[in-house]
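*Asks:* next comes the sequence, and after it the predicted model I'd like to discuss.
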Amino acid sequence: MILPGVFERFAEKTPVPVMARAAIEYALSASALDQLFEDHADEQYTRTLLFSSVFDLMSLVVTGSFKSLSAAYQDREESIPVSLTSVYNKLQGVEPSVSAGLVRHTAQRLLPVQRQVKGCREPWLASYRVRVLDGNHLAATEHRLAETRLEAAGPLPGLALVLYEPEADLVTDVVFEEDGHAQERSRLDDVVERLRARDLLVADRNFCTRKFLLDLIARGCFFAVREHALLAWEPAGKVRRLGRTEGGRLREQRVLIRNDEGEAVYLRRVVVELDEPTRDGDAFVAVLSNLPQEDADARAVARLYRRRWTVEHAFQDLAVALRSEIDTLCYPRAALFGFAVGLVAYNLLGAVKGALRGKHGEEKVEALSAYYLADELAGVSRGMMVAVGEEEWRVFGKMSPEAFAARMCEWATKVRLERFRKHPRGPKKPRVKRRYDPAHPHTSSARILQLRKAK
């Protein structure tokens, strides 16, 4: 495969944006995007504006190439056959099923590549497919709806329940809800439908309901879910004290919950008595699980739940490195689509990190900052797309997983990891109460430095 010299110069000097842009073409070519829209849309249809064009505009905003959708539109206006108003109208009608299908399709395309580049992390638990479930209420938007302009309350545009596969570092599915005030539990039936036998679900106590746990068992799934105080269970065995584990003392007990017919369903209750209370003041953490003892002892169950925080890190990367929650998108479907594009961008960065993991090792890649990776992507992409025409990128959409993985590995060897290292700050110092002199509301920095020098 012969690519122009300018392409190879970008690949040599700035391989991360090249890897991300090639991953977009491989996973989400224009034809694939438009077909995805046709497969999942029930209410909308394509007249003049293609779904692939809407995705391109939103991706430019999410990745930071442009500050707003309007700015991205002005840059691409010649290639978009409709007005900006029509673009916003299209966004306002993108159905949640289309947005969820977009995330699911991207993960399905990238999973084989992650395996080919040996970019998956060490298994959390052998022979199980671990999936971490967490919810995210999208942040309040600006008061752009006429009915909200006199209200102090922030308008909430929606809710997302995310299924994350930590070993592959990919968000593999999502459930969207347009009602921003809806409870996360209201969409758990949709979550169960997205799971298959021998999936191992790790989740926080918000999802610990009797019905949900029973539905998971009926589905052939396994779980390690933090216990909710309102869940009714009965002891079915003695408490066994098992010594210490990371963070506290460990004990386990066999318990039961009852189904609608009153029949007993037995679970394991693993409790860590914490050395230090949590931020909420909890002195212990209890995890309910149906994992067989021979596959996971109490320490393994407790460790599974502790590692759940990886999905929190994923949400932090979405918030800090990517603009996935755009406060100007007040219509729920538009806001949820923006969040879906953010999840897609996270997966593309996950594919880049997977190739780096395969070449440089997991420990070095875990020390990389998603913020610096995204900043490199935003800073280079605009110029790169001008210098390298779209026709040069289309070749990656036709590649097999094996061929594309080989190219990703080739580019990964050229990445200087030290450019993207995290720089964790130390502990925050307590805030000092400042003095205020009404007679002197301002001070001169130059005079302060002169006095310091004199001393």
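*Replies:* Thanks, I have the structure now.
*Asks:* quick one: what helix or strand has Val270 in it?
*Replies:* strand 264-274 (DSSP states H and E).
*Asks:* flag every buried residue along that strand.
*Replies:* Using 16 or more other Cβ atoms under 10 Å as the test for burial, strand 264-274 gives 265, 267-273. Where you see a C-beta, it was placed from the backbone N, CA and C, and this is true even at glycine.
*Asks:* where does the chain dip in pLDDT?
*Replies:* 1-4, 310-315, 318-321 (pLDDT under 70).
*Asks:* now do the buried residues in whatever helix or strand Leu373 lives in.
*Replies:* Taking DSSP H and E as the criterion, Leu373 maps to helix 370-387. For helix 370-387, the buried set under the neighbour-count rule, 16+ other Cβ under 10 Å, comprises 370-374, 376-378, 380-381, 384-385.
*Asks:* farthest pair in the buried residues of strand 264-274?
*Replies:* The most widely separated members of the buried residues of strand 264-274, counting by Cβ to Cβ, are Val265 and Glu273 (25.8 Å).
*Asks:* centre of the chain to the one helix or strand Glu410 maps to, how far?
*Replies:* Glu410 belongs to helix 401-412 when assigned by DSSP H and E. Offset of helix 401-412 from its chain centre (Cα atoms, centre = their mean, to the nearest Å): 24 Å.
*Asks:* next helix or strand past it?
*Replies:* Next along from helix 401-412, by DSSP H and E: helix 445-454.
*Asks:* quick one: that next one to chain centroid distance?
*Replies:* 48 Å.
*Asks:* what helices or strands is it leaning on?
*Replies:* Packing partners of helix 445-454 (3 or more Cβ pairs under 8 Å, 6 or more residues apart in numbering; DSSP states H and E): none among the helices and strands.
*Asks:* which strand residues sit across from the residue lying closest to Glu177 once chain neighbours are set aside in the sheet?
*Replies:* Once flanking residues are discounted, Glu177 sits nearest to Leu159: 4.2 Å by Cβ to Cβ, 6 or more residues apart in numbering. For Leu159, the beta-bridge partners are His137, Glu177 (DSSP bridges).
*Asks:* for Leu159, what are its contacts?
*Replies:* 135-138, 176-177, 179-180, 182, 184, 187 (Cβ atoms under 8 Å, 6 or more residues apart in numbering).
*Asks:* columns neighbour count and distance to Ala72 on top of these, output as a markdown table?
*Replies:* Formatted as a markdown table, the contacts of Leu159 follow (neighbours: other Cβ atoms under 10 Å; distance: Cβ to Cβ, whole Å):
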| residue | neighbour count | distance to Ala72 |
| --- | --- | --- |
| Gly135 | 20 | 29 |
| Asn136 | 20 | 24 |
| His137 | 17 | 26 |
| Leu138 | 22 | 20 |
| Phe176 | 26 | 23 |
| Glu177 | 21 | 27 |
| Asp179 | 13 | 29 |
| Gly180 | 18 | 25 |
| Ala182 | 14 | 30 |
| Glu184 | 21 | 32 |
| Arg187 | 17 | 31 |
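*Asks:* Arg121: which of the buried residues of helix 370-387 is nearest?
*Replies:* Ala370 (15.6 Å).
*Asks:* what's next to stretch 294-313, contact-wise?
*Replies:* Taking Cβ under 8 Å, 6+ apart as the rule, stretch 294-313 contacts 124-128, 130, 132-134, 162, 164, 166, 200, 202-204, 224, 226, 242, 245-247, 250-252, 268, 270, 272, 285, 287, 289, 291.
*Asks:* hang on, Thr14 packs against Met384?
*Replies:* Yes - between Thr14 and Met384 there is a contact under Cβ atoms under 8 Å: 7.5 Å.
*Asks:* hmm, who's touching the helix or strand harbouring Val18?
*Replies:* If you go by DSSP H and E, Val18 is part of helix 15-27. For helix 15-27, contacts defined as Cβ under 8 Å, 6+ apart pick out 7, 10-11, 59, 105-106, 109-110, 113, 347-349, 351-352, 355, 373, 376-377, 380-381, 384-385, 393-394, 396-397, 399, 404, 407-408, 411-412, 414-415, 420.
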